[in-house]
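# got a predicted structure here, sequence first:
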Amino acid sequence: MIQQIETAHRTALRQLAEELLEASQLRRAIAPLRSRLASMNLQDAYDIQTLQLQEHLTEGRVLAGRKVGLTSLAMQQQLGVDQPDFGFFFEDMVHGDGAQVPAADFISPKVEPEFGFVLGRTLMGPKVTREQAAAAVEAVYPAIEIIDSRIADWDIKLVDTVADNASCGAIAVGPAPLPVTLEDLAGTECTLRIDGRPRGTGTGAAVMGDPIAPLVWLADVLGEQGVALEAGQLILPGSFTAAQPVVAGESATADFGPLGSLTIHFV
(Lines give C-alpha, C1' and ligand atoms only; values in the text may rest on other atoms or scores of the structure.)
Protein backbone atom coordinates (compact mmCIF):
# COMPACT_ATOMS: atom_id res chain seq x y z
CA MET A 1 0.00 0.00 0.00
CA ILE A 2 2.81 2.44 0.88
CA GLN A 3 4.49 1.71 -2.45
CA GLN A 4 1.21 2.32 -4.26
CA ILE A 5 0.81 5.69 -2.51
CA GLU A 6 4.39 6.65 -3.39
CA THR A 7 3.84 5.63 -7.02
CA ALA A 8 0.62 7.65 -7.24
CA HIS A 9 2.37 10.67 -5.73
CA ARG A 10 5.24 10.40 -8.18
CA THR A 11 2.77 10.14 -11.05
CA ALA A 12 1.03 13.30 -9.84
CA LEU A 13 4.34 15.18 -9.74
CA ARG A 14 5.20 14.05 -13.26
CA GLN A 15 1.80 15.16 -14.51
CA LEU A 16 2.31 18.63 -13.05
CA ALA A 17 5.78 18.81 -14.62
CA GLU A 18 4.28 17.92 -18.00
CA GLU A 19 1.62 20.60 -17.58
CA LEU A 20 4.28 23.22 -16.87
CA LEU A 21 6.29 22.14 -19.90
CA GLU A 22 3.20 22.45 -22.06
CA ALA A 23 2.28 25.82 -20.51
CA SER A 24 5.76 27.11 -21.35
CA GLN A 25 5.56 25.84 -24.92
CA LEU A 26 2.07 27.18 -25.58
CA ARG A 27 2.49 30.40 -23.52
CA ARG A 28 -0.67 29.47 -21.65
CA ALA A 29 -0.84 29.78 -17.86
CA ILE A 30 -2.25 27.09 -15.61
CA ALA A 31 -3.88 27.10 -12.17
CA PRO A 32 -1.64 27.26 -9.06
CA LEU A 33 -0.11 23.89 -8.32
CA ARG A 34 -0.72 24.15 -4.59
CA SER A 35 -4.46 24.04 -5.30
CA ARG A 36 -4.04 20.86 -7.33
CA LEU A 37 -1.92 18.83 -4.92
CA ALA A 38 -2.96 19.66 -1.38
CA SER A 39 -0.02 17.85 0.24
CA MET A 40 2.57 19.52 -1.98
CA ASN A 41 5.75 20.48 -0.12
CA LEU A 42 9.01 22.15 -1.10
CA GLN A 43 10.72 18.88 -1.98
CA ASP A 44 7.82 18.02 -4.29
CA ALA A 45 8.24 21.39 -5.97
CA TYR A 46 11.95 20.85 -6.60
CA ASP A 47 11.20 17.34 -7.87
CA ILE A 48 8.79 18.86 -10.41
CA GLN A 49 11.46 21.37 -11.42
CA THR A 50 14.06 18.60 -11.81
CA LEU A 51 11.74 16.51 -13.99
CA GLN A 52 11.48 19.47 -16.36
CA LEU A 53 15.25 20.01 -16.33
CA GLN A 54 15.80 16.37 -17.24
CA GLU A 55 13.31 16.61 -20.09
CA HIS A 56 15.00 19.72 -21.51
CA LEU A 57 18.46 18.11 -21.29
CA THR A 58 17.13 15.01 -23.02
CA GLU A 59 15.98 17.26 -25.85
CA GLY A 60 19.55 18.51 -26.24
CA ARG A 61 19.31 21.93 -24.61
CA VAL A 62 22.57 23.08 -22.98
CA LEU A 63 22.58 24.28 -19.39
CA ALA A 64 24.10 27.77 -19.19
CA GLY A 65 23.72 28.43 -15.49
CA ARG A 66 21.51 28.88 -12.47
CA LYS A 67 19.57 31.70 -10.89
CA VAL A 68 18.84 32.32 -7.24
CA GLY A 69 15.58 34.13 -6.67
CA LEU A 70 13.74 35.81 -3.84
CA THR A 71 16.97 36.93 -2.18
CA SER A 72 15.84 40.49 -1.52
CA LEU A 73 13.24 41.60 0.99
CA ALA A 74 11.52 43.51 -1.81
CA MET A 75 11.00 40.38 -3.89
CA GLN A 76 9.99 38.25 -0.92
CA GLN A 77 7.36 40.82 0.04
CA GLN A 78 6.22 41.19 -3.56
CA LEU A 79 5.59 37.46 -3.96
CA GLY A 80 4.62 36.64 -0.38
CA VAL A 81 7.44 34.21 0.42
CA ASP A 82 10.11 34.14 3.10
CA GLN A 83 13.09 32.26 1.66
CA PRO A 84 15.19 32.06 -1.52
CA ASP A 85 14.69 29.60 -4.33
CA PHE A 86 16.67 28.58 -7.39
CA GLY A 87 16.15 27.61 -10.99
CA PHE A 88 18.06 26.96 -14.20
CA PHE A 89 18.44 28.45 -17.65
CA PHE A 90 19.81 27.25 -20.98
CA GLU A 91 22.08 28.80 -23.60
CA ASP A 92 19.09 29.51 -25.84
CA MET A 93 17.57 31.64 -23.05
CA VAL A 94 20.53 34.04 -22.80
CA HIS A 95 20.39 37.42 -24.59
CA GLY A 96 23.04 40.10 -25.04
CA ASP A 97 23.14 43.86 -24.65
CA GLY A 98 20.80 45.58 -27.12
CA ALA A 99 18.89 42.37 -27.78
CA GLN A 100 15.46 42.49 -29.41
CA VAL A 101 13.44 40.20 -27.14
CA PRO A 102 10.04 39.03 -28.41
CA ALA A 103 7.45 39.81 -25.73
CA ALA A 104 5.30 37.04 -27.21
CA ASP A 105 7.85 34.51 -25.94
CA PHE A 106 6.45 35.09 -22.44
CA ILE A 107 3.09 35.02 -20.68
CA SER A 108 3.45 37.93 -18.24
CA PRO A 109 7.09 39.07 -18.18
CA LYS A 110 8.80 41.21 -15.58
CA VAL A 111 12.41 42.33 -15.33
CA GLU A 112 14.94 42.41 -12.51
CA PRO A 113 18.43 44.01 -12.48
CA GLU A 114 21.13 41.70 -11.20
CA PHE A 115 24.79 40.81 -11.08
CA GLY A 116 25.89 37.95 -13.29
CA PHE A 117 28.70 35.82 -11.84
CA VAL A 118 30.78 33.85 -14.33
CA LEU A 119 32.53 31.01 -12.52
CA GLY A 120 36.19 30.45 -13.21
CA ARG A 121 36.30 27.21 -11.27
CA THR A 122 33.86 24.50 -10.24
CA LEU A 123 32.15 25.04 -6.89
CA MET A 124 30.89 21.97 -5.07
CA GLY A 125 29.01 21.96 -1.78
CA PRO A 126 27.90 21.33 0.81
CA LYS A 127 29.69 23.42 3.43
CA VAL A 128 31.12 25.93 0.97
CA THR A 129 32.72 28.93 2.66
CA ARG A 130 32.28 32.49 1.50
CA GLU A 131 35.96 32.59 0.65
CA GLN A 132 35.64 29.51 -1.56
CA ALA A 133 32.57 30.94 -3.31
CA ALA A 134 34.26 34.30 -3.91
CA ALA A 135 37.37 32.60 -5.25
CA ALA A 136 35.23 30.74 -7.79
CA VAL A 137 33.91 33.99 -9.31
CA GLU A 138 35.99 34.90 -12.35
CA ALA A 139 34.06 38.02 -13.39
CA VAL A 140 30.95 40.03 -12.52
CA TYR A 141 28.72 41.19 -15.38
CA PRO A 142 25.63 43.40 -15.54
CA ALA A 143 22.57 41.21 -15.97
CA ILE A 144 18.81 41.31 -16.27
CA GLU A 145 16.56 38.41 -15.49
CA ILE A 146 13.25 38.25 -17.30
CA ILE A 147 10.96 36.45 -14.93
CA ASP A 148 7.73 34.91 -16.14
CA SER A 149 5.09 32.75 -14.51
CA ARG A 150 3.39 29.78 -16.03
CA ILE A 151 1.00 30.09 -13.08
CA ALA A 152 -2.05 32.21 -13.91
CA ASP A 153 -2.06 35.84 -12.70
CA TRP A 154 1.21 35.39 -10.79
CA ASP A 155 -0.87 33.71 -8.06
CA ILE A 156 2.11 31.97 -6.51
CA LYS A 157 3.45 30.78 -3.22
CA LEU A 158 6.90 29.28 -2.74
CA VAL A 159 5.99 25.78 -3.96
CA ASP A 160 4.39 27.19 -7.12
CA THR A 161 7.35 29.30 -8.18
CA VAL A 162 9.91 26.60 -7.29
CA ALA A 163 8.09 24.02 -9.39
CA ASP A 164 7.86 26.59 -12.19
CA ASN A 165 11.67 26.85 -12.41
CA ALA A 166 11.72 29.77 -9.96
CA SER A 167 9.67 31.77 -12.50
CA CYS A 168 12.65 32.03 -14.85
CA GLY A 169 11.85 33.25 -18.34
CA ALA A 170 15.16 34.37 -19.86
CA ILE A 171 18.45 36.09 -19.06
CA ALA A 172 20.35 39.04 -20.50
CA VAL A 173 24.02 39.66 -19.78
CA GLY A 174 26.33 42.50 -20.74
CA PRO A 175 29.33 42.16 -23.09
CA ALA A 176 31.98 43.20 -20.57
CA PRO A 177 32.56 42.68 -16.83
CA LEU A 178 31.78 45.45 -14.38
CA PRO A 179 34.96 47.11 -13.02
CA VAL A 180 34.11 46.26 -9.43
CA THR A 181 35.84 44.18 -6.77
CA LEU A 182 34.00 41.46 -4.89
CA GLU A 183 34.54 43.42 -1.68
CA ASP A 184 32.57 46.33 -3.18
CA LEU A 185 29.57 44.34 -4.43
CA ALA A 186 27.34 45.05 -1.42
CA GLY A 187 27.78 48.79 -1.84
CA THR A 188 27.34 48.80 -5.63
CA GLU A 189 24.18 50.62 -6.73
CA CYS A 190 21.95 49.69 -9.64
CA THR A 191 18.84 51.38 -11.02
CA LEU A 192 16.21 49.56 -13.05
CA ARG A 193 14.95 51.79 -15.85
CA ILE A 194 11.99 51.19 -18.14
CA ASP A 195 12.22 53.37 -21.25
CA GLY A 196 14.82 55.44 -19.45
CA ARG A 197 12.65 56.18 -16.42
CA PRO A 198 13.85 54.89 -13.03
CA ARG A 199 11.52 52.24 -11.58
CA GLY A 200 13.64 51.09 -8.66
CA THR A 201 17.10 51.49 -7.16
CA GLY A 202 19.01 49.26 -4.80
CA THR A 203 22.47 48.20 -3.74
CA GLY A 204 24.06 44.79 -3.70
CA ALA A 205 23.32 44.65 0.03
CA ALA A 206 19.68 44.04 -0.92
CA VAL A 207 20.77 40.58 -2.08
CA MET A 208 20.87 38.72 1.25
CA GLY A 209 23.13 41.44 2.66
CA ASP A 210 26.02 40.15 0.52
CA PRO A 211 25.67 39.05 -3.14
CA ILE A 212 28.15 36.22 -2.53
CA ALA A 213 25.82 34.72 0.11
CA PRO A 214 23.30 33.38 -2.46
CA LEU A 215 26.17 31.68 -4.29
CA VAL A 216 27.19 29.95 -1.06
CA TRP A 217 23.56 28.96 -0.42
CA LEU A 218 23.10 27.59 -3.93
CA ALA A 219 26.34 25.60 -3.88
CA ASP A 220 25.35 24.05 -0.56
CA VAL A 221 21.80 23.17 -1.61
CA LEU A 222 22.89 21.63 -4.91
CA GLY A 223 25.89 19.98 -3.29
CA GLU A 224 23.57 18.07 -0.97
CA GLN A 225 22.07 16.60 -4.16
CA GLY A 226 25.49 15.77 -5.62
CA VAL A 227 25.31 18.61 -8.16
CA ALA A 228 28.18 21.05 -8.70
CA LEU A 229 28.22 24.57 -10.09
CA GLU A 230 30.54 24.14 -13.06
CA ALA A 231 33.32 26.43 -14.26
CA GLY A 232 32.05 28.61 -17.08
CA GLN A 233 28.48 28.72 -15.82
CA LEU A 234 26.66 32.00 -15.25
CA ILE A 235 25.05 32.43 -11.84
CA LEU A 236 22.53 35.18 -11.04
CA PRO A 237 22.39 35.79 -7.27
CA GLY A 238 19.18 37.86 -7.08
CA SER A 239 17.60 41.21 -7.80
CA PHE A 240 18.55 44.66 -6.55
CA THR A 241 14.91 45.80 -6.76
CA ALA A 242 11.34 44.60 -7.01
CA ALA A 243 10.47 43.23 -10.44
CA GLN A 244 8.73 45.50 -12.94
CA PRO A 245 6.36 44.37 -15.72
CA VAL A 246 7.26 45.01 -19.35
CA VAL A 247 5.35 44.88 -22.62
CA ALA A 248 6.24 45.01 -26.30
CA GLY A 249 7.67 48.38 -27.27
CA GLU A 250 9.43 48.97 -23.94
CA SER A 251 13.12 48.83 -23.11
CA ALA A 252 14.64 47.71 -19.81
CA THR A 253 18.00 48.87 -18.48
CA ALA A 254 20.13 47.70 -15.58
CA ASP A 255 22.02 50.94 -14.91
CA PHE A 256 25.14 50.58 -12.79
CA GLY A 257 26.05 54.25 -13.22
CA PRO A 258 29.73 54.84 -14.03
CA LEU A 259 30.39 51.09 -13.92
CA GLY A 260 28.26 50.36 -16.99
CA SER A 261 24.79 49.31 -18.05
CA LEU A 262 22.79 46.72 -19.96
CA THR A 263 19.68 47.39 -22.07
CA ILE A 264 17.26 45.05 -23.81
CA HIS A 265 14.29 45.90 -26.01
CA PHE A 266 10.95 44.08 -26.01
CA VAL A 267 9.40 43.81 -29.44
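Thanks, I have it. Residues are numbered from 1 along each chain as shown.
# from here on, just use CA atoms for contacts and neighbour counts.
Fine.
# quick one, phi/psi of the nearest residue to residue 46 once chain neighbours are set aside?
Closest residue to residue 46 apart from its sequence neighbours, by C-alpha to C-alpha, 6 or more residues apart in numbering: residue 163 at 5.7 Å. Main-chain torsions, residue 163, degrees, to the nearest 10: phi -60, psi -30.
# ditto for residue 86
phi -140, psi 160.
# contact partners for it?
Residue 86 makes contacts with 66, 67, 68, 69, 162, 165, 166, 218, as judged by C-alpha atoms under 8 Å, 6 or more residues apart in numbering.
# and it, how far from residue 214?
10 Å (C-alpha to C-alpha, to the nearest Å).
# ok, the residue nearest to residue 46 - contacts?
Contacts of residue 163 by C-alpha under 8 Å, 6+ apart are 17, 44, 45, 46, 47, 48, 49.
# re earlier: quick one: which of the contacts of residue 86 sit in helices?
Those of those mapping onto helices are 162, 218, per DSSP state H.
# which of the contacts of residue 86 lies closest to residue 33?
residue 162 (10.4 Å; C-alpha to C-alpha).
# let me know the pLDDT of the closest one.
Residue 162 carries a pLDDT score of 94 in this model.
# give me the neighbour count for it.
25 (other C-alpha atoms under 10 Å).
# not counting its neighbours along the chain, what's nearest it?
residue 45 is the one closest to residue 162 (C-alpha to C-alpha, 6+ apart), at 5.6 Å.
# and that neighbour, what element?
helix 42-58 (DSSP states H and E).
# now swap in residue 200 and tell me
strand 197-203.
# what segments of the stretch 51-200 of the chain are strands?
Using DSSP state E, counting those that start in this stretch, the strands of the stretch 51-200 of the chain run over residues 63-69, 85-90, 94-96, 100-101, 110-119, 137-147, 168-173, 189-194, 197-203.
# grab the longest helix from the chain for me.
Every helix in the chain considered (DSSP H), the longest is helix 2-26.
# got the buried residues for it?
Across helix 2-26, burial judged by 16 or more other C-alpha atoms under 10 Å covers 9, 12, 13, 14, 16, 17, 18, 19, 20, 21, 23, 24.
# who touches residue 265 in this structure?
Residue 265 neighbours (C-alpha under 8 Å, 6+ apart): 98, 99, 100, 101, 249, 250, 251, 252.
# filter those to the buried ones?
Applying 16+ other C-alpha under 10 Å to the contacts of residue 265 flags 98, 99, 101, 251, 252 as buried.
# picking up where we left off before, and of the contacts of residue 265, the nearest to residue 203?
For those, the residue nearest residue 203 by C-alpha to C-alpha is residue 252; the value is 17.9 Å.
# against residue 83, how distant is the closest one?
According to C-alpha to C-alpha, residue 252 and residue 83 sit 26 Å apart.
# now residue 73
Relative to residue 83, residue 73 is positioned 9 Å away (C-alpha to C-alpha).
# these two - which one has more neighbours?
Neighbour count, other C-alpha under 10 Å: between residue 73 and residue 83, residue 73 has more, with 18 against 12.
# tell me the SS of the nearest residue to residue 99 once chain neighbours are set aside?
Leaving out its chain neighbours, the residue that sits closest to residue 99 by C-alpha to C-alpha, 6+ apart is residue 264, at 5.1 Å. Following DSSP: H, G, I helix; E, B strand; the rest coil, the label given to residue 264 is strand.
# how many residues are close by residue 147?
Neighbours around residue 147, by other C-alpha under 10 Å: 23.
# isn't it up against residue 172?
No - using C-alpha atoms under 8 Å, residue 147 is not in contact with residue 172; the gap is 11.2 Å.
# pLDDT-wise, which helix or strand of this protein ranks last?
Ranked by mean pLDDT, DSSP states H and E, the helix or strand of the chain with the weakest confidence is helix 73-79, at a mean of 69.
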